[in-house]
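**Q** Next one to model:
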Amino acid sequence: MKHMNQEIVEQTEKSYDGVAQGYDDRHDASTNTQKRFWRILRPFSEYSKSAKSILNIGCGTGRVLEMLQNKNAIGIDISKGMLSFAKKKGFCVARADAHQLPFADCSFDLIVAGNGVFSYLNPEIIYDECFRVLADGGILCLHQYPQKIRHLRQLFSAPKTYTTKKYAIGDFDDYVNLATKSGLRLERKFQWRSLRQWPYVLPIYSPAQFLLTTHWVLKFRKPGTRSNLRKSLTWVCPSCFQDLLNDDTSSWQCSSCDKSYPIYQGFSDFGPIFDDEK
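**A** The predicted structure follows:
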């Protein structure tokens with residue numbers, strides 16, 4: 001398995017650790033941003049109503065978890081700073097790399113990823129991992145920003161490139177093709193244009209989608225029925241994917257490779273693990 005570049009992980013973690021303090025306050029200071037956020041991510045909330053087990057990739061301080069209001073939801077992130085605030089809100093969270101999810105196969109019937117999280121992730125890996133931990137019939141719902149965006153005053157000029165993340169995917173078809181390659185099927189897409197004033201965001205329909213879209217919400221499904229969803233959450237070693245044992249309250253121990261993962265500040269730390277650490 002290919003793993004995320006260590007330098008990219010460390011830079012991302014440092015960046016979000018640095019803004020964790022006051023992150024929620026800055027977000028809440030803008031009523032327009034809040035209204036836009038909740039409307040764009042409304043599909044997350046709708047799909048969570050019937051979900052029995054939910055994974056939020058890139059949960060940050062727990063804003064999406066708060067919106068889901070589902071006691072069976074768990075969040076992961078690589079920023080300890082962001083996770084500490086999510087934990088204070090009472091959410092079940094863990095530090096983990098989405099390329100090496102510490103969960104057994106078929107653990108979730110819904111995975112959500114908001115705020116362009118997949119731009120930080122290697123598409124050659126992340127869709128395969130989502131497919132693995134989704135139960136048959138499970139849903140992956142992700143929110144992304146197009147790599148290239150046109151301002152209204154620039155409709156007839158070349159679009160500006162705003163997404164500079166390492167693994168930023170160029171266009172809509174790239175997301176769909178990579179997900180399809182992993183076995184997921186696109187069921188629905190929502191396209192939005194941000195506005196500074198009311199109604200703060202507008203739905204975009206063909207043929208203007210590639211000119212005006214500033215947000216995508218994509219719904220993928222793993223084929224099958226939900227007959228194989230696990231009844232309880234099973235943590236596994238992200239290095240060898242064997243079951244973890246928790247004999248005390250300070251760490252997890254792998255039953256196969258003897259790796260140990262600490263538990264502190266109320267959440268577990270599962271990595272990420274790089275090739276030279278395996």
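**Q** drop to CA atoms for contacts and neighbour counts, all remaining ones
**A** Fine.
**Q** Which helix runs longest in the chain?
**A** helix 6-19 (DSSP state H).
**Q** Enumerate the positions of it that are buried.
**A** 9, 12-13, 16-17 (16 or more other Cα atoms under 10 Å).
**Q** what do you get for stretch 34-48?
**A** 36-37, 40-41, 43-45, 47-48.
**Q** returning to that earlier point: does anything pack onto the longest helix of the chain? Which helices or strands?
**A** helix 80-88 (3 or more Cα pairs under 8 Å, 6 or more residues apart in numbering; DSSP states H and E).
**Q** got the angle for the longest helix of the chain vs helix 80-88?
**A** Per axes from the mean of the first three to the mean of the last three Cα atoms, to 10 degrees, the angle that helix 6-19 makes with helix 80-88 is 50 degrees.
**Q** so after helix 6-19, what's the next helix or strand?
**A** Going down the chain from helix 6-19, the next helix or strand is helix 23-28, by DSSP states H and E.
**Q** What helices and strands are in contact with the helix or strand just after that following helix?
**A** For helix 23-28, the succeeding helix or strand toward the C-terminus, using DSSP H and E, is helix 31-40. Helices and strands touching helix 31-40, as assessed by 3+ Cα pairs under 8 Å, 6+ apart, comprise helix 23-28, strand 201-203.
**Q** Could you rerun that using 7 Å?
**A** On a contact count with 3 or more Cα pairs under 7 Å, 6 or more residues apart in numbering; DSSP states H and E, helix 31-40 meets no helix or strand.
**Q** Report the rounded mean pLDDT for it.
**A** Helix 31-40 shows a mean pLDDT of 86.
**Q** which other residues reach that helix?
**A** Contacts with helix 31-40, where a contact means Cα atoms under 7 Å, 6 or more residues apart in numbering, come from 28, 200-201.
**Q** Strands of the stretch 51-200 of the chain, start to end?
**A** 54-57, 73-77, 92-95, 108-113, 134-144, 148-149, 160-161, 185-194 (DSSP state E, counting those that start in this stretch).
**Q** where among the ones you listed is the average confidence lowest?
**A** strand 160-161 (a mean of 52).
**Q** what about the chain, any weak spots by pLDDT?
**A** Applying pLDDT under 70 to the chain picks out residues 1-5, 147-171, 206-211, 248, 274-278.
**Q** list the contacts for Arg188?
**A** When contacts are counted by Cα under 7 Å, 6+ apart, Arg188 touches 218-219.
**Q** ok, what's across the strand from it?
**A** Arg188 forms beta bridges with Lys219, as assigned by DSSP bridges.
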